[in-house]
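1. 3D, please:
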Amino acid sequence: MSAEWRCVRRNQDECRRYLDQFKVFDHPLKQSSITVLESKGTRAKALASLSESTSGASSTISLDPLSLALDGSDPLSAFAARQGSDPLSQMAAEFDGGSPVAKSGASASQKKSREVSCLLDMELIEPWGARRGAILNKYTTNEKLSIVTSFLNGGETIKSQTTMSEKVKYRLEQLDEFEEGTVRQMLDLSQQEYVVKIEQLNHELGQAWNTDQRVKALKIAIQCSKLLADTSVIQFYPSKFVLITDILENFGKLVYERLLVKGEYVRPGSKHPGPLPNNFTPDMVPESARETCQNWFYKIASIRELLPRLYVEMAILKSYRFLTANEFSTILMRLTRMIRGIGDPLVAVYARCYLCRVGMAITTDREYIKENLNDILDIYHTILNGGIRAEIAKHRITLNGYVSLFLPGLDWIMQGVTILSTDAQLDDILKRCREKKHPALLMQSIMQSFRSDFIALRAVHFVEVLSTISMEGFSRGQLLRMLGSILTHTA
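-> Residues are numbered from 1 along each chain as shown. Alright, predicted model coming up:
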């Protein structure tokens, strides 16, 4: 018995009713973008993957996903570009200038023989600049912000100083004005307005420095550091940290370059002074430059509040090169222990993050990084205590949102610890983190920071840990998904 098959007509209008419809204003495949504020006050669009904005003119970047994928060229042209020149051209190049393989080997040996002066030179850790854009994109807010400063509404009248005594007197007057509390508070700023004000402060610092107003530049750095004690809009804190530390790094660079200018010395066999070499030692530095360097650290040591004193000293930490060559480890350990005086765990973690950022750029020592991680583990229980939970409720953010605020700073410290660490040392860190109460934050940071081959060899152990630990503030599925992604890319 044969059956006759017949197609059933579908009413397309009825089928559409099963789908929820809503109006959108952006293309669903459009890549996310961030508005970057430039030093001139203009705005430029940049892709979210970009880490830093340029200071030049604004440029328009196409965000069409298809155009970005093709990059304006067909697949065959792209393949040819990757393959390089044809074999005959390569043979001609070998006759003209030697074998490309030999050249690449020579360059590799030169790179290998390059002297390593700090941990960042080893290129074993992702630079901070690569994370900057992602942090600014992720940690945003719609709440109103405030800023306390005395340099945005009109500038100071600059007096002409003809004698050294008048110059010293004017600088003392500036300090007196600062102590008398002439600062003003700007309220109800949107995030975009807040970023504009921070950029203006950075511009003011540069102008003050270029007009020989060193005290004013120092005051701007101090006031910017004080902003990092404010957690009233806590979900914006990681982005605020990025913006403020940009200013502090600019200040530290200006101080260091100024000392280099004052540090001219007479080379052996020469009669005329010249600039210090890149690998200079303190005994090459003239007495005048050493005194200037000491004065900077004396001024910073006189700052009464702990947080700005810490941040400004960390900003010019590299300038200790003019005074000493082998005491960086002691100085970094001293600053590590000073951070213990910061009560807010979020503020303390980011202060430790900045210390590790600065330290990795000046020394190969890792003991202070380990000490910072140990201090974080010692106070880890305070991150989710009762007082903090009340603070979270006041800020109207979820527990997951609060805990994730620690990740950028904690990840940087954790990656610093993993540099040149043995598997046994990493196992010890994993054990200590696993034993903490509510260790989900630590486990996520470990999976983001530890070597993928280390995690892959212990995949079963990680699954057991993630299946049994408390997931306060995190989703178990989120961490298991991260583990699966690591294993997929390692296989």
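
2. Would you map the strands across the stretch 201-350 of the chain?
-> According to DSSP state E, counting those that start in this stretch, the stretch 201-350 of the chain carries its strands in the segments 265-266, 273-274.

3. Select the longest helix from this structure.
-> Identified as the longest helix of the chain according to DSSP state H is helix 237-262.

4. Tell me the buried residues in it?
-> Neighbour-count burial for helix 237-262 flags 237-252, 254-256, 258-260, 262 (criterion: 16 or more other CB atoms under 10 Å). All C-beta atoms are positioned from the backbone trio N, CA, C, and that covers glycine.

5. For the residue positioned nearest the centre of the chain, which non-adjacent residue is closest in space?
-> For the chain, residue 128 is the residue whose C-alpha lies nearest the centre (CA atoms, centre = their mean; 4.2 Å). The spatially closest residue to residue 128, leaving aside those adjacent along the chain, is residue 357, at 5.7 Å (CB to CB, 6 or more residues apart in numbering).

6. How many residues are close by the one you found?
-> 19 (other CB atoms under 10 Å).

7. Can you check what angle separates the helix or strand containing it from helix 237-262?
-> Per DSSP states H and E: residue 357 is located in helix 345-360. Here the directions of helix 345-360 and helix 237-262 differ by 30 degrees (axes from the mean of the first three to the mean of the last three CA atoms, to 10 degrees).

8. Need the contact partners of the helix or strand just after helix 345-360.
-> Going down the chain from helix 345-360, the next helix or strand is helix 367-378, by DSSP H and E. Applying CB atoms under 8 Å, 6 or more residues apart in numbering, the contact partners of helix 367-378 are 329, 332-333, 335-337, 339-340, 348-349, 352, 355-356, 359-360, 410, 413-414, 416-417, 429, 432-433, 436, 442.

9. Now with 7 Å, please.
-> Residues outside helix 367-378 that contact it (CB atoms under 7 Å, 6 or more residues apart in numbering): 329, 332-333, 336, 340, 349, 352, 355-356, 359, 413-414, 416-417, 432, 436.

10. How about stretch 291-308, which residues are buried there?
-> 292, 293, 296, 297, 300, 303, 307, 308.

11. hmm, I was thinking of stretch 415-432
-> Neighbour-count burial for stretch 415-432 [16+ other CB under 10 Å]: 415, 416, 417, 418, 421, 426, 429, 430.

12. Which members of these are the farthest-apart pair?
-> Greatest spatial distance among the buried residues of stretch 415-432 (CB to CB): 416 and 430, at 16.2 Å.

13. coming back round to it: give me the buried subset of the contacts of helix 367-378.
-> Among these, those classed as buried by 16+ other CB under 10 Å are 332-333, 336, 349, 352, 355-356, 359, 413-414, 416-417, 436.

14. For the closest residue in space to residue 478 that isn't next to it in sequence, which residues are in contact?
-> Among residues not flanking residue 478 along the chain, residue 444 sits closest, at 8.0 Å (CB to CB, 6+ apart). Counting by CB under 7 Å, 6+ apart, residue 444 makes contact with 407, 474, 479, 482.

15. Just want the angle from the host helix or strand of residue 444 to helix 367-378.
-> Taking DSSP H and E as the definition, one finds residue 444 inside helix 440-449. Orientation check (the same axes, to 10 degrees): helix 440-449 against helix 367-378 gives 150 degrees.

16. Let me know the next secondary structure element after helix 440-449.
-> helix 452-457.

17. now what about that next one, what contacts it?
-> Counting by CB under 7 Å, 6+ apart, 423, 426, 447, 462, 486, 487, 489, 490 sit against helix 452-457.

18. what about that helix, average pLDDT?
-> Rounded to a whole number, the mean pLDDT of helix 452-457 is 94.

19. Which positions in that helix come out as buried?
-> 454, 455.

20. Which SSE is immediately downstream of it?
-> Next along from helix 452-457, by DSSP H and E: helix 459-468.

21. Please export the C-alpha coordinates of that next one as PDB.
-> Extracted C-alpha coordinates of helix 459-468, given in PDB (Å, rounded to 0.1, in the frame of the first residue of the first chain):
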ATOM      1  CA  ALA A 459      43.200  19.200  34.800                       C
ATOM      2  CA  VAL A 460      41.500  16.500  36.900                       C
ATOM      3  CA  HIS A 461      42.700  18.100  40.100                       C
ATOM      4  CA  PHE A 462      41.300  21.500  38.900                       C
ATOM      5  CA  VAL A 463      37.900  19.900  38.100                       C
ATOM      6  CA  GLU A 464      37.800  18.400  41.600                       C
ATOM      7  CA  VAL A 465      38.700  21.700  43.200                       C
ATOM      8  CA  LEU A 466      36.100  23.700  41.200                       C
ATOM      9  CA  SER A 467      33.500  21.100  41.900                       C
ATOM     10  CA  THR A 468      33.900  21.200  45.700                       C
END
